[in-house]
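**Q** Just to be clear, the model below is a prediction. Sequence and coordinates:
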Amino acid sequence: MVFTDDTEDALRAAVWLANSAEEPDTLVDVDDEKTFLAVFPYTGRIDRDGVELDDLRTLRPRLRAMLLAPRDEMAAHVNDALAELQLTPRLVRHDGADWHLHAVHDERPLAERVLVETVMALIDVIRADEGSRLTVCEDDTCQAIALDLSRNRSKRYCSTTCANRNAVAAYRARRAHA
C-alpha cells in the first residue's frame, strides 16, 4: 500500500470527478451523481439536487489542476484551499472504516467535503513526494488523469479501455511488421 486507505479513496474520488469532465461528460445529471456516490460513498450531508451537482461540476477543473500540478504548485494549491476552508478536524470511525480524519463538518456541502478530502490526500502525496503517481493518460486520444497506486509504478493509462486500445494497436503494429 502506497498511502492509507482514506488517502487512496480520496485520490480515486478526485480523479473520477476530474475525469468526468472529459468527453463524453459523465457528470451531467443527478443520476450521474448517484453513480459517483455509489462508487465513492461519502458520509454526511448529501442533497442530490441541481445545486450540489453544479457545485461538483464546478469543482472539476480545480481538482484537475491540483492533481496534475508539480509538487511546489500542488503545495500552493493545497495552501490556497486550506486558507479558504473552515476546518473542524476530528477522528472518526464509521461504516467498517477504522479511525481516520474528517477535516470538515459532515453538514458542509458535498463539493466542499470532496475538496477537503482531496486536499488532505494531496498533503500525503506532497509529503511522500509521490506526485508522479498522478499523470495524464498515455493514450494519445485521451486527456484523463491516470492514478497509479501500483507498487511497481506500472500504470500508464486512465482506464482499461485506454490500456486495451493501446495494447491492441501495439499488437497490430507488431503483426504488420512481422
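**A** That came through fine.

**Q** going forward, measure contacts between C-alpha atoms and count neighbours the same way
**A** Noted.

**Q** Can you point out the buried residues in the helix or strand harbouring Lys34?
**A** Assigned by DSSP states H and E, Lys34 falls within helix 30-39. Buried residues in helix 30-39, counted by 16 or more other CA atoms under 10 Å: 30, 33, 36.

**Q** ok, so of the residues you listed, who is nearest Gly50?
**A** Sorting those by how near they are to Gly50, with CA to CA, puts Val30 at the top with 7.0 Å.

**Q** Check the spacing between the closest one and Ala173 real quick.
**A** Going from Val30 to Ala173 by CA to CA, to the nearest Å gives 42 Å.

**Q** do the same with Asn79
**A** From Asn79 to Ala173 the distance is 46 Å (CA to CA).

**Q** quick check: mean pLDDT across the helix holding Lys34?
**A** In this model, helix 30-39 carries a mean pLDDT of 97.

**Q** got the contact list for that helix?
**A** 16-17, 26-27, 48-50, 53 (CA atoms under 8 Å, 6 or more residues apart in numbering).

**Q** So which of those are in helices?
**A** 16-17, 50, 53 (DSSP state H).

**Q** and those residues as TSV, adding neighbour count, distance to His105 and pLDDT?
**A** Formatted as TSV, the ones in helices among the contacts of helix 30-39 follow (neighbours: other CA atoms under 10 Å; distance: CA to CA, whole Å; pLDDT from 0 to 100):
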residue	neighbour count	distance to His105	pLDDT
Trp16	23	23	98
Leu17	23	21	98
Gly50	12	22	96
Leu53	21	19	98
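
**Q** which two from those end up farthest apart in space?
**A** Trp16 and Gly50 (19.2 Å).

**Q** neighbours around Val15, how many?
**A** Using other CA atoms under 10 Å, Val15 has 23 neighbouring residues.

**Q** Just checking, which helix or strand of this protein averages the lowest pLDDT?
**A** helix 160-177 (a mean of 80; mean pLDDT, DSSP states H and E).
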